[in-house]
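In: missing the sequence, but the structure's below:
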């Protein structure tokens with residue numbers, strides 16, 4: 001598996017893409033028998049218009065404008081792109097990759113000469129190493145790209161470089177490919193972070209819904225996911241527009257509304273069973289959310 005994230009964070013790693021071909025298809029109606037992955041070739045399709053279904057092996061995916069398709073470089077894998085209503089426009093590229101690794105340099109400072117010098121000179125031909133990247137990249141088969149407009153522009157520039165009969169600027173092509181992969185990796189990192197945050201939030205919410213009738217503090221919520229209070233607060237504000245404790249009160253009030261409607265319990269008993277410290281605090285929070293007191297809510301029920 002070729003992981004892209006290390007290329008973002010390390011100055012010693014360089015991804016070296018070698019473009020095999022780029023094409024631009026308009027009003028694509030599908031391949032007659034589909035296609036087969038060639039060994040060590042990475043295939044990308046950026047959908048620029050239309051929608052349809054992608055099949056890779058036994059898996060099916062819905063695709064639409066703004067989606068980036070990655071076909072893993074697993075030799076022999078069959079795939080097909082089937083347009084839905086109307087036809088599909090796309091850019092496609094296929095390429096191979098290598099990885100260049102530069103060894104860490106150790107520099108020391110000479111006080112007498114006031115000069116930095118390399119402490120251990122490299123043996124000949126050992127400063128750099130190169131490795132052909134085989135196997136698939138750590139990318140999903142289909143992803144909606146928030147940086148779609150930029151990716152489309154980058155592929156358009158490569159396409160025009162390749163179709164310019166006067167001169168082919170391979171240096172510019174390589175630079176644009178580097179930028180393309182950087183944007184894809186950054187989007188993948190962002191989406192991975194979003195997925196992780198969603199899982200963390202769901203874990204906290206599951207805890208709240210299971211234990212809302214018991215005392216809950218911000219610290220107890222943080223301990224369920226081993227995060228700091230400030231991070232958990234940002235998480236809730238981002239996804240729910242509520243603070244963590246405000247969300248807890250919402251869950252408690254929803255439970256209280258059901259009990260007011262379905263049981264003869266008193267307001268004090270319902271407050272105690274839904275985690276509120278007393279009936280006065282319960283009534284205050286209930287009214288802040290619903291606009292009426294618990295008694296008024298019960299009296300308004302048919």
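Out: Good, I have the coordinates. Predicted, not measured: the structure shown is a model, and the values here were computed from it.
In: Can you pull out the low-pLDDT segments for the stretch 1-150 of the chain?
Out: Filtered on pLDDT under 70, the stretch 1-150 of the chain yields the residue ranges 1, 104-126.
In: please redo it, this time with the cut-off set to 80
Out: Within the stretch 1-150 of the chain, the stretches with pLDDT under 80 are 1-13, 32, 38-40, 74-75, 85-86, 102-129, 133-136.
In: residue boundaries of the strands in it?
Out: Shown for the stretch 1-150 of the chain, the strands assigned by DSSP state E, counting those that start in this stretch span residues 13-28, 35-36, 42-49, 51-56, 59-64, 67-71, 78-83, 88-102, 107-110, 115-118, 128-133, 142-144.
In: Format those as TSV; extra columns: distance to residue 151 and mean neighbour count.
Out: Any C-beta I mention is one placed from the backbone N, CA and C, and that applies to glycine too. Converted to TSV, those look like this (distance: least, CB to CB, whole Å; neighbours: other CB atoms under 10 Å):
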stretch	distance to residue 151	mean neighbour count
strand 13-28	13	15
strand 35-36	22	12
strand 42-49	6	22
strand 51-56	17	18
strand 59-64	15	14
strand 67-71	7	22
strand 78-83	18	18
strand 88-102	9	18
strand 107-110	38	9
strand 115-118	40	10
strand 128-133	21	12
strand 142-144	11	16
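In: Any figure for the gap between residue 218 and residue 239?
Out: Shown here: residue 218 relative to residue 239, a distance of 16 Å by CB to CB, to the nearest Å.
In: was I right about residue 19 contacting residue 173?
Out: Yes. Contact between residue 19 and residue 173 holds when scored by CB atoms under 8 Å: they sit 6.4 Å apart.
In: Compute the first-to-last residue distance for stretch 23-39.
Out: From the first residue to the last, stretch 23-39 extends over 19 Å; the measure is CA to CA, to the nearest Å.
In: cool, stretch 281-300 as well?
Out: Separation of the first and last residues of stretch 281-300 by CA to CA is 21 Å.
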